[in-house]
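J.: Provided below for reference: sequence and predicted model.
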Amino acid sequence: MTTESHYPGRWWHKLDDGRIQCDLCPRDCKLHEGQRGACFVRKMEGGAMILTTYGRSSGFCIDPIEKKPLAHFYPGSSVFSFGTAGCNLACKFCQNWDISKSREMDRLMDQAKPKEIARAAQSHGCKSVAFTYNDPVIFAEYAMDVADECHKLGIKTVAVTAGYMHDQARREFYAKMDAANVDLKAFTDEFYVKLTGAHLQPILDTLVYLKRETNVWLEITTLLIPGKNDSDAEITALSQWIAQELGPDVPLHFSAFHPDYKMTDVPATPPATLIRAREIALLAGLHYVYTGNVHNIEGDTTFCPECKTPLIVRDWYQIKDYHLTDTGHCPRCQAKIAGRFEHFELTRQFGSRRIPVAMHLA
């Protein structure tokens, strides 16, 4: 494997003044020799772009797929999860800031080649591998190589991302993914500019692209922050946009904020806010709306949009009852439930465990 300090990056071009411009995301970072981009992991070295985190991870863990969160992608299965360091957004409310905002490469203690990750996922019986914890957009080359090795072994791939990418990189990256949970952090550009250092439109472009032009299974998460993006009007606008532009079958997860990073002065999201948001989204026509980071069995449960039968009853990440047919239909009214499903046995689900994995390399 090429050493981390010399792994060639993709999506860049040379400028007339000797700098290079990164074409991965809308930040369009222009770099001098030795300079890193805003994500801190893409760097100009020797007149070219290199990725400094290839083959290095902030840790490996086996999670329930529901934690990503994905509610309609092989429910009850386990997912082999990992991330690296850095991020191309600057969210003041980041819930994983110790990883995504890290500029210390010594946080990346675990090393693994793509083939080793795929084999580890297979040996642990994982249905999929997730690129998560920090945004896989910034380590796209590594994630794509891992995805290729996973697919050789019949293992699915999942991107957990903010969706902030340029079109060409987006197309190449998602050609390797089977599922994605995209953060739609708010529905105003003002929020994105002030609290993330980014813009809303590229995320909307990613969502539309995924739904209309790919077979990637798509779910969306919105972290509701008190006083910032939790008004009835904004939640209504967000939900109506999803229904109209993406369709009612895209699952939406409303997640609870907890004070962290640079927003410790903002209170945690009350459970009532998430319950209210779920009601608004359902009234807007969305079929599958969930609540996260709070204890709410109704908000964790998948209901048939036609006859309202509870089909997958969850308590946090534990499936308590399961009534879907193997082909993903409601047994009562035969309605087709959107998602990726297969034969499920309640006693064989992965459950709510979280299992750290140490990679033992030859």
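T.: Received, thanks.
J.: please make it C-alpha for all contacts and neighbour counts, starting now.
T.: Fine.
J.: next up, the contacts around the residue nearest to residue 200 when sequence neighbours are not counted.
T.: Distance criterion CA to CA, 6 or more residues apart in numbering; nearest residue to residue 200, sequence neighbours excluded, is residue 189 at 5.1 Å. Counting by CA atoms under 8 Å, 6 or more residues apart in numbering, residue 189 touches 199, 200, 201.
J.: most centrally placed residue in the chain?
T.: Geometric centre of the chain, nearest residue: residue 160, 1.4 Å, by CA atoms, centre = their mean.
J.: can you show me the helices along the protein?
T.: Along the chain, the segments classed as helices by DSSP state H run 97-100, 114-123, 140-152, 167-174, 189-196, 201-213, 232-241, 271-283, 297-300.
J.: can I get those helices in CSV with distance to residue 27 and mean pLDDT?
T.: Below are the helices of the chain laid out as CSV (distance: least, CA to CA, whole Å; pLDDT from 0 to 100):
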stretch, distance to residue 27, mean pLDDT
helix 97-100, 17, 52
helix 114-123, 28, 96
helix 140-152, 16, 98
helix 167-174, 13, 98
helix 189-196, 12, 97
helix 201-213, 11, 98
helix 232-241, 24, 98
helix 271-283, 31, 98
helix 297-300, 36, 98
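J.: can you redo the ones you listed as a markdown table with distance to residue 71?
T.: Shown next, in a markdown table, are the helices of the chain (distance: least, CA to CA, whole Å):
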| stretch | distance to residue 71 |
| --- | --- |
| helix 97-100 | 25 |
| helix 114-123 | 20 |
| helix 140-152 | 21 |
| helix 167-174 | 20 |
| helix 189-196 | 26 |
| helix 201-213 | 17 |
| helix 232-241 | 18 |
| helix 271-283 | 15 |
| helix 297-300 | 9 |
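J.: between the ones you listed, which gets nearest to residue 80?
T.: helix 114-123 (5.7 Å; CA to CA).
J.: residues touching that closest one, excluding its own?
T.: For helix 114-123, using CA under 8 Å, 6+ apart, the contacting residues are 55, 79-80, 127-129, 142, 145-147, 149-150, 153, 155, 359, 361.
J.: one more pass at 10 Å, please.
T.: Outside helix 114-123, the residues that touch it by CA atoms under 10 Å, 6 or more residues apart in numbering are 1, 54-55, 60-62, 78-82, 111-112, 125-129, 142-156, 357-362.
J.: CA atoms only: put that helix into CSV for me.
T.: Only the C-alpha atoms of helix 114-123 are listed here, as CSV (Å, rounded to 0.1, in the frame of the first residue of the first chain):
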residue,chain,number,x,y,z
PRO,A,114,-9.3,-2.1,2.0
LYS,A,115,-9.1,-5.8,1.5
GLU,A,116,-8.4,-6.3,5.3
ILE,A,117,-11.5,-4.3,6.2
ALA,A,118,-13.7,-6.3,3.8
ARG,A,119,-12.4,-9.5,5.2
ALA,A,120,-12.9,-8.3,8.8
ALA,A,121,-16.5,-7.4,8.1
GLN,A,122,-17.0,-10.8,6.5
SER,A,123,-15.4,-12.7,9.4
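J.: tell me which residues in it are buried?
T.: Neighbour counts over helix 114-123 (16 or more other CA atoms under 10 Å) mark 114, 115, 116, 117, 118, 120, 121, 122 as buried.
J.: OK, contacts around residue 227?
T.: 266, 267, 269.
J.: the last one: neighbouring residues, count only.
T.: The reference is to residue 269. Neighbours of residue 269 under the rule other CA atoms under 10 Å: 21.
J.: what of the first one?
T.: For residue 266, the number of neighbouring residues by other CA under 10 Å comes to 16.
J.: pretty sure it is touching residue 260, no?
T.: Yes: the pair residue 266 / residue 260 is scored as a contact, 8.7 Å apart, by CA atoms under 10 Å.
J.: between the two, what contacts are shared?
T.: Counting by CA under 10 Å, 6+ apart, the residues touching both residue 266 and residue 260 are residue 93.
J.: hey, what's the closest residue to residue 335 other than its chain neighbours bridged with?
T.: Sequence neighbours aside, residue 329 is the residue nearest to residue 335 in space, at 5.5 Å (criterion: CA to CA, 6+ apart). Beta-bridge partners recorded for residue 329 (DSSP bridges): residue 336.
J.: let's number from 336 now, not from 1
T.: OK, 336 is where the count begins now, so the last one is residue 664.
J.: ok, residue 664 - contacts?
T.: 639, 646, 658, 670, 671, 672, 673, 676.
J.: residue 477 and residue 649: what is the separation?
T.: 33 Å (CA to CA, to the nearest Å).
J.: err, residue 561, not the other one
T.: 26 Å.
J.: more neighbours, those two?
T.: The neighbour count for residue 561 versus residue 649, taken as other CA under 10 Å, is higher for residue 649 (22 against 17).
J.: quick check: bridge partners of the more buried one?
T.: Applying DSSP bridges to residue 649, the residues it is bridged with are residue 654.
J.: I'd say it and residue 631 touch.
T.: Yes: between residue 649 and residue 631 there is a contact at 9.0 Å, judged by CA under 10 Å.
J.: for stretch 506-526, buried residues please.
T.: In stretch 506-526, counting by 16+ other CA under 10 Å, buried: 506, 508-509, 511-522, 526.
J.: nearest to residue 685 among those residues?
T.: residue 514 (18.8 Å).
J.: please list all residues in contact with the closest one.
T.: When contacts are counted by CA under 10 Å, 6+ apart, residue 514 is found next to 405, 407-408, 463, 465, 491-495, 545, 550-554, 675.
J.: filter the residues you listed down to the buried ones and hand me the ChimeraX line.
T.: The buried residues among the contacts of residue 514 can be selected in ChimeraX (16+ other CA under 10 Å) with this line:
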select :405,407,408,463,465,491,492,493,494,495,545,551,552,553,554
